[in-house]
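Compute the structure for the input listed below.
(chains A and B)
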There are 2 protein chains.
Amino acid sequence: MPPAHPVVRKVYLDLPQPSLKDNTADLDRLKKQVRQTLAIENLLVPFALIPQWVSLLRSSAYRVTASVSLAPPIPRLIDVEAGDTSSRLFGLAVDLGTTRLAYQLWDLKEGRLLDETGSDNPQIRYGADILTRIHRAGTPEGLQGLKEAVIGEINRVTQTLCQVHNLSPREILAVTVAGNTTMTHLFLGLDPSSICREPYIPKINSLDPLTAQELGLDLHPRAWAYVFPNVGSYLGGDVLAGILHSGLYQQEGLSLLVDVGTNAEVVLGNAEWLIGCAGAAGPALEGGVARMGMTAAEGAIDRVRIDPRTQELTYTVIGGGRPVGICGSGLIDLTAELFTAGIIDLRGKLNRKKAGRRWTETDGQPAFLVVPAEETAHGQAIVLSQVDLDVLLRSKAAMYTILTTLTQTVGYDLKDIERFYVAGAFGNHIDPRRAVILGMLPDLPLERYIPLGNTSLKGAADVLLDAGKLAEVKKIAERITYLEMNVNQDFMNRFSAARFIPHTDPSLFPSVPLNRD
Amino acid sequence: MPPAHPVVRKVYLDLPQPSLKDNTADLDRLKKQVRQTLAIENLLVPFALIPQWVSLLRSSAYRVTASVSLAPPIPRLIDVEAGDTSSRLFGLAVDLGTTRLAYQLWDLKEGRLLDETGSDNPQIRYGADILTRIHRAGTPEGLQGLKEAVIGEINRVTQTLCQVHNLSPREILAVTVAGNTTMTHLFLGLDPSSICREPYIPKINSLDPLTAQELGLDLHPRAWAYVFPNVGSYLGGDVLAGILHSGLYQQEGLSLLVDVGTNAEVVLGNAEWLIGCAGAAGPALEGGVARMGMTAAEGAIDRVRIDPRTQELTYTVIGGGRPVGICGSGLIDLTAELFTAGIIDLRGKLNRKKAGRRWTETDGQPAFLVVPAEETAHGQAIVLSQVDLDVLLRSKAAMYTILTTLTQTVGYDLKDIERFYVAGAFGNHIDPRRAVILGMLPDLPLERYIPLGNTSLKGAADVLLDAGKLAEVKKIAERITYLEMNVNQDFMNRFSAARFIPHTDPSLFPSVPLNRD
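Numbering: from 1, shown residues only, chains lettered A, B, ... in the order given. Next comes the predicted model:
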């Protein structure tokens, strides 16, 4: 269905010819008609293009297509083309992930998603983790290199997308970009060093609308470009996009959104208030820490079941082939199933006897054999070591502690959460029941868990399709409070209690049977 | 007195240092404080400058001066400087005359006029009259040359003004420019050819605010630049500036503004309505046609008296030295005095007997000797030939006919005009009584004639000093109606009747004694 209020519009104009009775100036004639058609008061026109456009007006017999960005604070004329090109109107949404970049290409005339794809963030070659990149950005060349890496990659992927869909990058008239605060700084070429040093100040939170050219993106040079604002060093545009897409900021009851990326970012709130926090709970849950861990991509084990009677282990692999590793949701499944089967105890310690013939060792550590070498894609066994388990339990404990702390800070209980949105690839793959058994997520009725996919990308696309969402983003940014998660004694006590499976206090997890071993 | 609402402002900011309690991002910290101080909602920041400005913020310990343009549609950050530079805030107003450029340099902090000057419009070397220049602008090189000539001249004069007043052109943060429609097109590098061809369409009437850099002006590159809008091909920004400065658009009673330049531009109206027209009445009145005619500059005879008893002729010279020629007001004085002394008759014919020893001939034409050769600066006699007189009477008749036609078109009589504003150098020098005797201006009580000087330049300066005037200009442009002055039989009849001194119908000029000869 054609969107009612896309952020860019094309208007075909068959303007009245000038006459002695209507001697409106050429450009004013164009502007007047555009303003009337789009019901807008103002329309900014870039000065440098005026000679070209007025000459085009005359050579096209006053039949032209005007492209306009409708974004606040003020509508802007993007281009004037001869004849009627109004059916060609495209937009690009980009999620700047630390590890992966994700893209959606939209037909904004029809409101149709043409394509969605992803590519590795090439900044990884400057450093896999964000701190290394911030360090690298400390020199002008480093900063420039990081910026160019990500811009170049977006340009490369866009070029490919356009070829596939038989359009020119110049026909993309709007681009929206969401990322965490550091990724946003690097994308903009702003030194992010102050983000990770007390008092943790970003260089900028909120940008005015830009053009693609100003950003270095090879789209229409004057394409409207929007970079989601940040709220602070640890609450970035990706989270705002997520809040927007989830709609939790408009809802009556209490909702929570958790996005597990490099950090776990958590937002709690309703139509009245919003509070957010971020904490280092992520890497293990994303699959980035375990020896055989990987992100939720092709070849990753994403589901594991252990038959409670036969102890037989089955699994599914993303893409269907032989497994390469195990992703976050696979790890959570595996650990929860190991616990239910009694192969690990409530401290997460492997029980050699219960593990049976799957007991093995790796680097001198006890380990559990998940997939024997002969069944994997690379001929190496996939194992879960005691160290991996310990890391995972720390991560799940951190997650549960963050959720508890945030909720209690505003005087609520985890049980009060009516909708629990889980964002990210993680959210799409995770089995909430297994995460509850593990004690990572609270013991809520399962229907309250709502996977949303890549909310950063989807929120970015929402803005393309509805200019009204821009004001919503602004309101969200103004309303949200950032809770600095102080790692004090209270936090550490909660954290220690949460390291057990599911928890030292089983009354918090009434649905999880006690492990009798 | 410091102006209350100059169009650009400087704000010295001693920003709170970032802390864990206030981790607003650097640029947002700056924007927030500026917005609060100036009570504005939005503040656009040019993207390319952000890295430099945030780094300056930190190196200046968050003590900086922000320069802001407050002009609609949206305030814009012009610059950020270390420390307190708020006392240095300057603006430039420019009148783009076809013959002369005029400038005012203002201290916008104090609201003080620092200097006013003028220089020849160097486009004259491409053609003295506007039609020749339009023709020259028909090629891209011609257009470029005309544009560069005027921009270069403004830059040259600005440089000099800045040296004299010990400031840097970079400290000029606002510039306003008013000119007729053709001059505005040439200044902007827009081909004016359509202005003089039916249906007389300008390329553009109303521009969005620009920067000095976009125009090619060597001021602060991001100085706010405003070009007065045109209303049509023959009613330009200079007239709008004049209406603004005169205030006639706000007045209860009927007012008229006449600006005699290359064309005579006339505006009639009050707080309810405005109507304007333009006609070719100017050159003779400006002094551009008579053999010894010149503009009202040093060496021009601007006042002439003939003793009715002794026939002795006396005159004053602008600048006080020996005369070089005679300007428009001098011509009007001279002709009116010749008429009163009976030396010319009501048809403007020289009476050889009455002229006495001042009777002479030039190019085989009867002529009147105004200043003998030995009294002039160049050693040539200054004479007024019968041809000059005929041209002048046609001009004065054209002027009176335009005034009559415009006034009658809206159902009024010339006697209803309560304030008669006379703009231009012409307005400063003209003796209304002599213009009435000549029948060029209507026979109104003399106190109704109000000379205003260069209203285009003064209106341009008004906007520098009060951002609120921008909305007024817009309203004026929207309200004014342009009357196409059709040279039909009615007009020609009126014109013929007005070629007599003062008029074929003496009842229109009751205060002028009938010439008995």
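
only C-alpha atoms for contact and neighbour calcs from this point on.
Will do.

For the residue of the stretch 401-517 of chain A at minimum distance from chain B, list the residues it contacts.
Proximity of the stretch 401-517 of chain A to chain B (CA to the nearest CA) peaks at A:Glu484, 9.2 Å away. The neighbours of A:Glu484, taking CA atoms under 8 Å, 6 or more residues apart in numbering or on different chains as the test, are A:Cys277.

what does A:Thr98 give?
If you count contacts by CA under 8 Å, 6+ apart, A:Thr98 has them with A:Asn121, A:Ile124, A:Asp129, A:Ile130, A:Met183, A:Thr262.

that older thread, which SSE is the residue of the stretch 401-517 of chain A closest to chain B in?
Under DSSP states H and E, no helix or strand contains A:Glu484.

what's the pLDDT at it?
At A:Glu484, the pLDDT value in this model is 80.

Next one: it from A:Ile204, what distance?
19 Å (CA to CA, to the nearest Å).

Was I right to think A:Met292 contacts A:Val383?
Yes - under the contact definition of CA atoms under 8 Å, A:Met292 touches A:Val383, with a separation of 6.8 Å.

neighbour count winner among these two?
Ranked by neighbour count (other CA atoms under 10 Å in any protein chain shown), A:Met292 and A:Val383 place A:Val383 first, with 26 against 20.

Using the three-state scheme, assign the more buried one.
strand (DSSP: H, G, I helix; E, B strand; the rest coil).

Not counting residues beside it along the chain, what's closest to it?
A:Leu369 (4.5 Å; CA to CA, 6 or more residues apart in numbering or on different chains).

got the residues of chain A near chain B?
Within reach of chain B by CA under 8 Å from any CA of the partner chain, chain A has these residues: A:18-20, A:23-28, A:42, A:44-45, A:47-48, A:51, A:54, A:73-74, A:189-191, A:198-208, A:210, A:214, A:232.

Emit the ChimeraX select command for whichever of the residues you listed are buried.
To isolate the buried subset of those in ChimeraX, counting by 16 or more other CA atoms under 10 Å in any protein chain shown, use the following:
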select /A:18,23,24,25,26,27,28,42,44,45,51,54,189,190,191,199,200,201,202,203,204,205,206,207,208,210,232
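
I'd like the distance from stretch A:499-513 to the chain centre, please.
31 Å (CA atoms, centre = their mean, to the nearest Å).

For the residue nearest to A:Ser255 when sequence neighbours are not counted, give me the pLDDT.
The shortest distance from A:Ser255 to any non-neighbouring residue, by CA to CA, 6+ apart, is to A:Arg419 (4.7 Å). Confidence at A:Arg419, expressed as pLDDT, is 98.

What's the local residue count around A:Arg419?
18.

which residues does it contact?
A:Leu254, A:Ser255, A:Leu256, A:Arg448, A:Tyr449, A:Ile450.

same question, A:Ala178
Here A:Ala178 is in contact with A:Val94, A:Asp95, A:Leu96, A:Thr184, A:Val227, A:Phe228, A:Gly237, A:Asp238, A:Ala241, A:Ser456, A:Leu457, A:Ala460 (CA under 8 Å, 6+ apart).

The third one contacts A:His185, correct?
In this case it means A:Leu96. No - with contact defined as CA under 8 Å, A:Leu96 does not reach A:His185; the gap is 10.8 Å.

Contacts for the helix or strand harbouring A:Thr401 next, please.
According to DSSP H and E, A:Thr401 maps onto helix A:386-409. Here helix A:386-409 makes contact (CA under 8 Å, 6+ apart) with A:264, A:266, A:268, A:275-277, A:279-285, A:289-291, A:335, A:348-350, A:365-368, A:413-414, A:438-442, A:483, A:485, A:491, A:494-496, A:498-500.

middle-most residue in chain A, spatially?
A:Ser456 (3.2 Å; CA atoms, centre = their mean).

For the host helix or strand of that one, name the packing helices and strands.
Using DSSP H and E, A:Ser456 sits within helix A:455-465. Packing contacts for helix A:455-465, counted by 3 or more CA pairs under 8 Å, 6 or more residues apart in numbering or on different chains; DSSP states H and E, involve strand A:90-96, strand A:100-107, strand A:172-179, helix A:237-246, helix A:469-479.

Show me the shaky parts of the stretch 51-200 of chain A.
Of all residues in the stretch 51-200 of chain A, none has pLDDT under 70.

Can you list the residue ranges for helices in it?
For the stretch 51-200 of chain A, the helices defined by DSSP state H, counting those that start in this stretch cover A:130-136, A:140-164, A:181-188.

Kindly state which of these is positioned closest to B:Pro513.
helix A:181-188 (79.9 Å; CA to CA).

where's that closest one relative to the chain centroid, distance-wise?
Using CA atoms, centre = their mean, the offset of helix A:181-188 from its chain centre is 14 Å.

In its sheet, which strands sit next to the helix or strand that it is followed by, and in what direction?
Downstream of helix A:181-188, the next assigned helix or strand under DSSP H and E is strand A:210-211. Sheet pairing of strand A:210-211 (DSSP bridges) gives strand A:224-227 (antiparallel).

and the strand it pairs with, average pLDDT?
98.

Repeat that for stretch A:347-363.
93.

how long is it end to end?
Per CA to CA, stretch A:347-363 runs 21 Å from first to last residue.

buried set for it?
So stretch A:347-363, judged by 16+ other CA under 10 Å, has buried residues A:Arg347, A:Gly348, A:Lys349, A:Leu350, A:Asn351, A:Arg352, A:Ala355, A:Arg358, A:Trp359, A:Thr360.

picking that back up, backbone dihedrals for the residue nearest to A:Val383, both of them.
phi -80, psi 110 (degrees, to the nearest 10).

need the contact list for it.
Contacts of A:Leu369 by CA under 8 Å, 6+ apart are A:Arg358, A:Trp359, A:Thr360, A:Ala381, A:Ile382, A:Val383, A:Leu384.

out of those, who's nearest chain B?
Nearest to chain B among those, with distances taken as CA to the nearest CA, is A:Leu384, at 40.4 Å.

burial of that closest one, as a residue count?
Neighbour number of A:Leu384 under other CA under 10 Å is 27.

how close does it sit to A:Tyr126?
With CA to CA as the criterion, A:Leu384 and A:Tyr126 are 29 Å apart.

Quick check: the residue of the stretch 251-400 of chain A nearest chain B.
Counting by CA to the nearest CA, the stretch 251-400 of chain A gets nearest to chain B through A:Cys277 (14.4 Å).

in which helix or strand would I find that residue?
Going by DSSP H and E, A:Cys277 is part of strand A:274-279.

got the angle for that strand vs helix A:386-409?
160 degrees (axes from the mean of the first three to the mean of the last three CA atoms, to 10 degrees).

partner strands of strand A:274-279, parallel or antiparallel?
strand A:264-269 (antiparallel), strand A:480-482 (parallel).

Buried residues, the one helix or strand A:Val370 maps to. List them.
Using DSSP H and E, A:Val370 maps to strand A:365-371. Applying a neighbour-count criterion of 16+ other CA under 10 Å, the buried positions in strand A:365-371 are A:Pro366, A:Ala367, A:Phe368, A:Leu369, A:Val370, A:Val371.

Quick check: neighbours of that strand in the sheet, parallel or antiparallel?
With DSSP bridges as the test, strand A:365-371 pairs up with strand A:359-362 (antiparallel), strand A:382-385 (antiparallel).

Could I have the CA atoms of stretch A:474-491 written out in PDB?
The C-alpha atoms that make up stretch A:474-491 are tabulated as PDB, following Å, rounded to 0.1, in the frame of the first residue of the first chain:
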ATOM      1  CA  LYS A 474      12.600  13.400  19.100                       C
ATOM      2  CA  LYS A 475      10.000  12.900  21.800                       C
ATOM      3  CA  ILE A 476      11.400   9.500  22.800                       C
ATOM      4  CA  ALA A 477      14.900  11.000  23.000                       C
ATOM      5  CA  GLU A 478      13.600  13.800  25.200                       C
ATOM      6  CA  ARG A 479      11.600  11.600  27.400                       C
ATOM      7  CA  ILE A 480      14.000   8.800  28.100                       C
ATOM      8  CA  THR A 481      16.100   8.800  31.200                       C
ATOM      9  CA  TYR A 482      19.400   7.000  31.200                       C
ATOM     10  CA  LEU A 483      20.100   4.900  34.300                       C
ATOM     11  CA  GLU A 484      23.800   4.700  35.100                       C
ATOM     12  CA  MET A 485      24.100   1.100  36.300                       C
ATOM     13  CA  ASN A 486      26.400   1.500  39.300                       C
ATOM     14  CA  VAL A 487      28.200  -1.700  40.000                       C
ATOM     15  CA  ASN A 488      27.800  -1.300  43.800                       C
ATOM     16  CA  GLN A 489      27.400  -3.800  46.500                       C
ATOM     17  CA  ASP A 490      23.700  -4.200  45.900                       C
ATOM     18  CA  PHE A 491      24.300  -4.900  42.200                       C
END
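
Much appreciated, bye for now.
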